[in-house]
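Undergrad: okay, sequence plus prediction incoming.
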Amino acid sequence: MNPFDEVLEVDIARLGNGVGGIAPREGSRTVFVRRALPGERIRCTSSRVGRRHLEAELKEILSPSPHRVEPFCPFFPECGGCSLQHLAYQRQLYWKRQWVARAFRRAGLERIDVLPTIGSPLMQGYRNRVSFDVVDGHPALHRYRGDPLPVDDCPLLHPRGRKLMTGLLETDLSSCRRLTVRASCNTPDTMIELRGGLPEMPGRVLRETTCLASRIDGNWTEKGDRMTEVLAGLAFPVPPGCFFQVNTKAAEVLVEQVVELADGDGPVLDLYGGMGCFGLALARPGRAVHVVERNVSTLNAGIEAVKMNGITGVSFESDYARRFLSRAVAEDRKVDTAVVDPPRSGLGKRVTRLLARLSPRTVVYVSCNPFALARDVKILHDNGYTAEEARPLDLFPHTDHVECVIRLSAGPERRSR
């Protein structure tokens, strides 16, 4: 029989990160089923065959999970952004904790205690930014496999951003390739970013937009005032195209965690520091903080933020992490605390080993990928650092993403170097 014609009846045992419900089968391939939940018995048909697993399409729920809930977005499950919208929020937090714990177990770090996941203060309207492709003049998000999905709303976007979206739906966007709508959570500011031509906007959209920006031939043109966001009591300018934490309210909780774990009064290295969301908060008590960020536009926004907030003791440097650390080790630079917040790929082996050679007393590692985090923590562990607990945080409710922050302390032999 063709495996794609066979109807399977399976029991979902657990939830996987990015693969949906997981149904182990003795003597046969494990089955991954998107939208299936642990505790459910379902019928499904194969859609892809791997070496050790099957990806299957959910056909019928024979026995539903008590944690299954009604999704709030009309584009679920077609849109690939919110894969967990049908799962009660407290169970989302439970499984995100399990994913972090599993990553540490796989790395041989079972002794690290993974605390319960800290939830997001907001579960809808939490995003200060959503980006859309423009297809045939209409905003589009993406299906699970990446195909465009025309949409006219996103319930995760801040309410003022959603209001802007209703006006943009009246606009001919065919001259644009990509659209980003931003709405500050803690100020009244909004911004529309367009990659490609600048279409004629309705008057009400212009009145509700603080900054209208378009990028043509690699250069941004801005109309209006610079958008400002406030995070953890600090004001940050947000230039077009610039990275800023998407979930402002949850990011404030993350900053609190980092400040708590990066205790002490010695000099701080803020690596992959962006515009200094961690660095400026750490400098408020009077600590010296050096922020290293490769993106010059983001770095310049951080320099402007220092002036806006009247903070002293913060310096910025544009460089790649590996190159900066190589030079810092060669110069025997003294760092008390290193805060690192790398991209999803993590620090990587070379950068992690260079960080260990720099020998900070404390490393506070912020990660959006538990498996990359576990790999790097294992390298630091093998180089004389220890960690007792990891703190997962949910910056992206209803998705497969989980943030995590962990503090590693240098052992006596490392501190003596």
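TA: Yes, it's here. Numbering: from 1, shown residues only.
Undergrad: now the end-to-end length of stretch 290-302.
TA: 12 Å (C-alpha to C-alpha, to the nearest Å).
Undergrad: give the buried residues for it.
TA: For stretch 290-302, burial by neighbour count (16 or more other C-beta atoms under 10 Å) applies to 290-293, 295, 298-302. Heads up, the C-betas are built off the backbone N, CA and C, glycines and all.
Undergrad: can you spell out the domain ranges of this structure, please?
TA: Listed domain ranges for the chain are 7-63, 93-121+247-415, 129-229 (source: automatic domain parsing).
Undergrad: need these in a markdown table with mean pLDDT and distance to residue 240, can you?
TA: Below are these laid out as a markdown table (pLDDT from 0 to 100; distance: least, C-beta to C-beta, whole Å):
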| stretch | mean pLDDT | distance to residue 240 |
| --- | --- | --- |
| domain 7-63 | 93 | 30 |
| domain 93-121+247-415 | 96 | 9 |
| domain 129-229 | 92 | 4 |
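Undergrad: centroid-nearest residue for this protein?
TA: Centroid check for the chain by C-alpha atoms, centre = their mean gives residue 368 as the closest residue, at 5.4 Å.
Undergrad: so who does that one touch?
TA: 343-344, 395, 401-404 (C-beta atoms under 8 Å, 6 or more residues apart in numbering).
Undergrad: for it, give its distance to residue 100.
TA: Between residue 368 and residue 100 the distance is 11 Å, computed by C-beta to C-beta, to the nearest Å.
Undergrad: who touches both of the two?
TA: Residues touching both residue 368 and residue 100 comprise 402, 404, with contact defined as C-beta under 8 Å, 6+ apart.
Undergrad: give me the contacts around the top strand by length along the chain.
TA: Longest strand in the chain, counting residues (DSSP state E): strand 53-63. Contact with strand 53-63 is made by 3, 7-10, 19, 29-36, 39-49, 68, as judged by C-beta under 8 Å, 6+ apart.
Undergrad: just those residues: which are in helices?
TA: Applying DSSP state H to the contacts of strand 53-63, no entry is found in helices.
Undergrad: give the buried residues for the longest helix along the chain.
TA: Identified as the longest helix of the chain according to DSSP H is helix 89-106. Of all the residues in helix 89-106, those buried under the rule 16+ other C-beta under 10 Å are 89, 91-104.
Undergrad: do stretch 217-226 as well
TA: By 16+ other C-beta under 10 Å, the buried positions in stretch 217-226 come out as residue 226.
Undergrad: what's the first-to-last distance across that stretch?
TA: First-to-last residue span, stretch 217-226, C-alpha to C-alpha: 21 Å.
Undergrad: and the strands in the stretch 301-417 of the chain, which stretches?
TA: Ranges of strands in the stretch 301-417 of the chain, per DSSP state E, counting those that start in this stretch, are 314-317, 337-340, 362-367, 385-386, 389-393, 403-410.
Undergrad: could I get those as CSV with distance to residue 58 and mean neighbour count?
TA: Formatted as CSV, the strands of the stretch 301-417 of the chain follow (distance: least, C-beta to C-beta, whole Å; neighbours: other C-beta atoms under 10 Å):
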stretch, distance to residue 58, mean neighbour count
strand 314-317, 49, 18
strand 337-340, 39, 24
strand 362-367, 31, 25
strand 385-386, 43, 18
strand 389-393, 27, 21
strand 403-410, 28, 23
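Undergrad: reformat those as a markdown table; add distance to residue 25.
TA: As requested, those are arranged in a markdown table below (distance: least, C-beta to C-beta, whole Å):
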| stretch | distance to residue 25 |
| --- | --- |
| strand 314-317 | 53 |
| strand 337-340 | 40 |
| strand 362-367 | 32 |
| strand 385-386 | 39 |
| strand 389-393 | 30 |
| strand 403-410 | 31 |
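Undergrad: many thanks, we can stop here.
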